[in-house]
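*Asks:* one predicted model, sequence on top.
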Amino acid sequence: MGLERKMNRVPVITIFVRHSEGCPQADEPFSKKCSCWKHLRWTHDVKQHFKATHQKTWAGAERAQREMEDSFERAGRPELSEAMSVGSAVDTSIKSKKTEGVGSAAMKKYQRELEEFLRLCEVRGCVLLVQVKPEDLVDFASG
Ligand SMILES: [Zn+2]
């Protein structure tokens, strides 16, 4: 069951070789014997995707494959997503406060502070949560 859920989220990513002209392995899309460019292939949302690994070695292609799998894994778990925007983090945070049953006065204050934080982030060009640096928080707290 756990495995099945994981499979839904993370597509099977296949390494294949785009052989250069005249390569003796040209008929073998999964050949590890030549040093032609390796690519990745996977199906996601019923669509087939391709991506160059910029690797000529099989080991290098496997590294790219793992990185790709990791990024799908993270995308399936938004709480771990590096690409979470500050805006959606603020929204999530406000929603969770609401479900905690925080009183409306406290809630308003909380919401105001977060919105202020959001504005500060925008001014500083931090759209993604990963772009927020500790000094941004310090400035916010002292602001
Ligand atoms: Zn080849």
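*Replies:* That came in fine, so what should we check first? Residues are numbered from 1 along each chain as shown.
*Asks:* for the rest of this, base every contact and every neighbour count on C-alpha atoms.
*Replies:* Will do.
*Asks:* check which helices and strands the helix or strand harbouring residue 63 is in contact with.
*Replies:* Using DSSP states H and E, residue 63 falls within helix 58-75. When contacts are defined as 3 or more Cα pairs under 8 Å, 6 or more residues apart in numbering; DSSP states H and E, helix 58-75 sits against strand 14-18, strand 37-44, strand 47-55.
*Asks:* now do 7 Å
*Replies:* strand 47-55 (3 or more Cα pairs under 7 Å, 6 or more residues apart in numbering; DSSP states H and E).
*Asks:* ok, now how distant is residue 27 from residue 46?
*Replies:* 27 Å (Cα to Cα, to the nearest Å).
*Asks:* for residue 95, same thing?
*Replies:* Using Cα to Cα, residue 95 is found at 32 Å from residue 46.
*Asks:* which residue, other than its chain neighbours, is closest to residue 14?
*Replies:* Closest residue in space to residue 14, ignoring its immediate chain neighbours: residue 41 at 5.1 Å, by Cα to Cα, 6 or more residues apart in numbering.
*Asks:* got the angle for the helix holding residue 63 vs strand 37-44?
*Replies:* Between helix 58-75 and strand 37-44, the angle comes out at 30 degrees (axes from the mean of the first three to the mean of the last three Cα atoms, to 10 degrees).
*Asks:* show me the contacts for the residue in the chain positioned nearest to the ion.
*Replies:* Distances between the chain and the ion by Cα to the ion are smallest at residue 19, namely 3.9 Å. By Cα atoms under 7 Å, 6 or more residues apart in numbering, residue 19 lies in contact with 26, 36, 37.
*Asks:* quick one: pLDDT of it?
*Replies:* If you check residue 19, the pLDDT there is 97.
*Asks:* for it, phi and psi?
*Replies:* Residue 19 adopts backbone torsions of phi -70, psi 150, taken as degrees, to the nearest 10.
*Asks:* please apply the same query to residue 46.
*Replies:* phi 60, psi 10.
*Asks:* could we number from 21 for the rest of this?
*Replies:* Okay, residue one is now 21; in that scheme the one you just asked about reads as residue 66.
*Asks:* no more questions from me, cheers.
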